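**Q** Let's see this in three dimensions:
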Amino acid sequence: MRVCVIDGRGGGLGSRLVAGLRSELGQAHHIVALGTNRVAAAAMKRAGATQVGVGPRAIVGMLPTVDVIVTSLNLVLPGAMFGEVTPEIVHAILGARATKVLLPLNRVRLEIVGAGACTLEALITQSLFRVRSLVSEVLPA
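**A** Numbering: from 1, shown residues only. Now for the predicted structure:
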């Protein structure tokens, strides 16, 4: 299975997700890290990503090949992350056939009704649990 983590800015969230996924899934699964910039991509590479891409072109090109996308809700909001999230990136994420696991980080004053106010650590833990369950659903028993 190919699991993709997308992040921007400094790559802090993405690197924590990649490290957590590597720990949860081991080496059996391909972890693709896509950064909106080089700093984010490098942070995710250091965290253990199998493959790394940078920028909108890499994101658009890679998303059709992955099974699960893990990222912040901000990555589906054009203009978020100080403009790093382009409409092209949003369209690629939302149009991908992959299951999307979005962390509802509330940095742009967007409220998701029904999503409780969790710490970043709790959101990461919940995301890792969800991806692990998605991966186990496709593995033979």
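**Q** Tell me where the protein has helices.
**A** 12-25, 38-46, 55-62, 87-95, 120-138 (DSSP state H).
**Q** For stretch 105-119, measure first residue to last.
**A** 9 Å (CA to CA, to the nearest Å).
**Q** a markdown table for the helices of the chain, including mean neighbour count, mean pLDDT and distance to residue 1?
**A** Heads up, the C-betas are built off the backbone N, CA and C, glycines and all. As requested, the helices of the chain are arranged in a markdown table below (neighbours: other CB atoms under 10 Å; pLDDT from 0 to 100; distance: least, CB to CB, whole Å):
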| stretch | mean neighbour count | mean pLDDT | distance to residue 1 |
| --- | --- | --- | --- |
| helix 12-25 | 21 | 94 | 8 |
| helix 38-46 | 20 | 97 | 18 |
| helix 55-62 | 17 | 96 | 15 |
| helix 87-95 | 16 | 96 | 18 |
| helix 120-138 | 15 | 85 | 5 |
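**Q** export the ones you listed to a markdown table and tack on distance to residue 69?
**A** Shown next, in a markdown table, are these (distance: least, CB to CB, whole Å):
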| stretch | distance to residue 69 |
| --- | --- |
| helix 12-25 | 11 |
| helix 38-46 | 14 |
| helix 55-62 | 10 |
| helix 87-95 | 6 |
| helix 120-138 | 10 |
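**Q** Tell me which of the ones you listed lies nearest to residue 104.
**A** Within the helices of the chain, the stretch nearest residue 104 is helix 120-138; the backing value is 7.2 Å (CB to CB).
**Q** Give me every residue in contact with the closest one, excluding its own residues.
**A** 1, 3, 13, 16-17, 20-21, 24-25, 29, 67-68, 70, 99, 101, 103-105, 118 (CB atoms under 8 Å, 6 or more residues apart in numbering).
**Q** Lovely, talk soon.
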